[in-house]
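Chemist: sequence and predicted structure are below.
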Amino acid sequence: MTAAVLLLWNLTQLWRDTNSHAANARGVKAFTQKKYEQSVKAFGDANALSPSPRRAFNLGTAQIAAGNREQGSATLGKAMSDAPLRANTLFNRGSSALASNAYDYAIRDFSEVLRLSPRDAAAKRNLEIALVRKMMQQRQSSGSRQPQKGSSPQPQPQQAQPAPDEKQQNRDANIEALLRSVQQQEEEELMRMHRARGEKLHVGW
């Protein structure tokens, strides 16, 4: 009886693994064809049949590509336990945060990627974009502040204005130069979900 139960369990597990692998392969095919909703369905089936960090990575990446950024980022969190996947997972989650203008989260994730992989040029580039965008956002926010209703500004005596700090001028010039350099390629940079070395999703068992 025990042997029969064990055999049945093994057959069930084999069925799950086989079908999970097939669903994962369908998800990869749909993703490469940019059929993201289909890839979400397939990767979801694969992860439901045989949950793993790699399945979660694929599912979360597809969810983000399909426009479900919050859900995808949460799913990617389940892939963090896989050390070899951690940098890629953080990169994809950071890209999602950057595309959503969630700069603090993007800065956190790309900084962690660079801690794990200091030579990662794509993560460094995205971190620079996030830092600059956050700085510009803060400037716009501070510049748009209006006096409270009912209050009138008090006249101030005219004073000689100090000359602009040269370092600050250089810093501003560098920021503007960086913004100009990324303007044309920003959309592609934000939307790509994988580095060149990681274009393929995980098809393995």
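Modeler: Looks like it arrived, so ask away.
Chemist: CA atoms for contacts and neighbours, from now on please.
Modeler: Noted.
Chemist: contacting residues for the residue nearest to Gly44 when sequence neighbours are not counted?
Modeler: Nearest residue to Gly44 in three dimensions, chain neighbours excluded: Leu59, at 6.1 Å (Cα to Cα, 6 or more residues apart in numbering). Contact analysis of Leu59 by Cα atoms under 8 Å, 6 or more residues apart in numbering lists Ser39, Val40, Phe43, Gly44, Asn47, Gly72, Thr75, Leu76.
Chemist: also Ala106?
Modeler: Neighbour list for Ala106: Arg93, Gly94, Ser95, Ser96, Ala97, Leu98, Leu127, Ala130 [criterion: Cα under 8 Å, 6+ apart].
Chemist: what about Asn92, which SS state?
Modeler: helix (DSSP: H, G, I helix; E, B strand; the rest coil).
Chemist: where does this protein dip in pLDDT?
Modeler: Low-confidence segments of the chain (pLDDT under 70): 1-18, 143-205.
Chemist: and the contacts of stretch 62-80?
Modeler: Under Cα under 8 Å, 6+ apart, the answer for stretch 62-80 is 31, 36-37, 39-40, 43, 52-54, 56-57, 59-61, 85-86, 89, 93, 96-97, 191, 193.
Chemist: and these, which of them are in strands?
Modeler: Here DSSP state E is the test, and the contacts of stretch 62-80 give no hits in strands at all.
Chemist: out of those residues, which are buried?
Modeler: 31, 36-37, 39-40, 43, 52-54, 56-57, 59-61, 86, 89, 93, 96-97, 193 (16 or more other Cα atoms under 10 Å).
Chemist: from those, which land in helices?
Modeler: Per DSSP state H, helices hold the following members of the buried ones among the contacts of stretch 62-80: 31, 36-37, 39-40, 43, 53-54, 56-57, 59-61, 86, 89, 93, 96-97.
Chemist: list the contacts of Leu90.
Modeler: Counted by Cα under 8 Å, 6+ apart, Leu90 has contacts Asp109, Phe110, Glu112, Val113.
Chemist: tell me what whichever strand or helix holds Ala122 is packed against?
Modeler: Element membership of Ala122, judged by DSSP states H and E, is helix 121-143. Judged by 3 or more Cα pairs under 8 Å, 6 or more residues apart in numbering; DSSP states H and E, the packing partners of helix 121-143 are helix 83-99, helix 103-116, helix 166-183.
Chemist: so the first one versus helix 103-116, what angle?
Modeler: Right, the one you point to is helix 83-99. Relative orientation of helix 83-99 versus helix 103-116 (axes from the mean of the first three to the mean of the last three Cα atoms, to 10 degrees): 150 degrees.
Chemist: now helix 83-99 against helix 121-143, angle please.
Modeler: 30 degrees.
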